[in-house]
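Engineer: Sequence first, predicted coordinates after that:
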Amino acid sequence: MVNSQASGVPPAPRSCAGCGGKIADRFLLFSMERYWHTRCLKCSCCQAQLGDIGTTCYSKGGMILCRSDYIRLFGHSGACSACGQSIPANEMVMRAQGNVYHLKCFSCATCRNRLMPGDRFHYINGTIFCEHDRPGSALLNSHLPPLQSSALLTDQKVC
């Protein structure tokens, strides 16, 4: 067995997982069990070169993400804010105030009716209410603040 370092023979060049080219650069990155040119390991959403912005990257649903985009898309934990269960990367989600929910979990806290994309809802102190069950709505009549609505996002249309 020959130790290439002891014999002075340089290691064989590695192929970049991003561009497929040989990596002859002084520095290379190793992520997701593959090697990358520093210029090729980029966030799938914002195209930031991940080696330049930190020492970690995230992978979900075939995407490579910077920390900011991972949190934007999947929340801090990648879990549903209602049930706490993991959200698969290819699953459609609902969002409110930076929180992410399974479609089945995005429901009114009072009547438990599931809210659908395009439905108007109220988000009060971390709780979701349908348009009809907003606490104190009978007292406010026409003085309601603007309602929030949520966008339906899939893994393929997030960036």
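Structural biologist: Happy to help now that I have it.

Engineer: hmm, which helix or strand of this structure has the shakiest average pLDDT?
Structural biologist: Within the chain, confidence by mean pLDDT, DSSP states H and E is lowest for helix 137-140 among all helices and strands, at a mean of 50.

Engineer: In this structure, where's the longest helix?
Structural biologist: helix 67-74 (DSSP state H).

Engineer: Give me the buried stretch members for that helix, please.
Structural biologist: For helix 67-74, a neighbour-count test (16 or more other Cβ atoms under 10 Å) marks 69-74 as buried. From N, CA and C alone the C-beta is placed, and that goes for glycine too.

Engineer: by contact count, what packs against that helix?
Structural biologist: strand 58-60 (3 or more Cβ pairs under 8 Å, 6 or more residues apart in numbering; DSSP states H and E).

Engineer: What are the buried residues along the strand it packs on?
Structural biologist: 58, 60.

Engineer: who's in contact with it?
Structural biologist: With contact meaning Cβ atoms under 8 Å, 6 or more residues apart in numbering, strand 58-60 is reached by 32, 64-67, 70, 73-74, 78, 89, 155.

Engineer: Relative to it, what are the paired strands and their orientations?
Structural biologist: Next to strand 58-60 in the sheet, as set by DSSP bridges, lie strand 63-65 (antiparallel).

Engineer: Now tell me what touches the partner strand from outside.
Structural biologist: Outside strand 63-65, the residues that touch it by Cβ under 8 Å, 6+ apart are 31-32, 41-45, 50, 57-59, 73, 89, 155.

Engineer: Please save the CA atoms from stretch 67-87 in CSV.
Structural biologist: What follows is stretch 67-87, C-alpha atoms only, in CSV (Å, rounded to 0.1, in the frame of the first residue of the first chain):
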residue,chain,number,x,y,z
ARG,A,67,-29.5,29.5,6.6
SER,A,68,-31.7,32.5,5.8
ASP,A,69,-33.5,30.8,3.0
TYR,A,70,-33.9,27.5,5.0
ILE,A,71,-35.5,29.4,7.8
ARG,A,72,-37.7,31.5,5.4
LEU,A,73,-39.0,28.3,3.7
PHE,A,74,-39.2,25.8,6.5
GLY,A,75,-39.1,27.8,9.8
HIS,A,76,-36.4,27.5,12.4
SER,A,77,-36.9,23.8,13.0
GLY,A,78,-38.4,22.6,9.7
ALA,A,79,-41.4,21.6,11.7
CYS,A,80,-45.1,22.6,11.7
SER,A,81,-45.8,25.5,14.1
ALA,A,82,-49.1,23.8,15.1
CYS,A,83,-48.3,20.1,15.6
GLY,A,84,-44.5,20.2,15.8
GLN,A,85,-44.1,17.4,13.2
SER,A,86,-41.6,17.6,10.4
ILE,A,87,-42.7,19.1,7.1
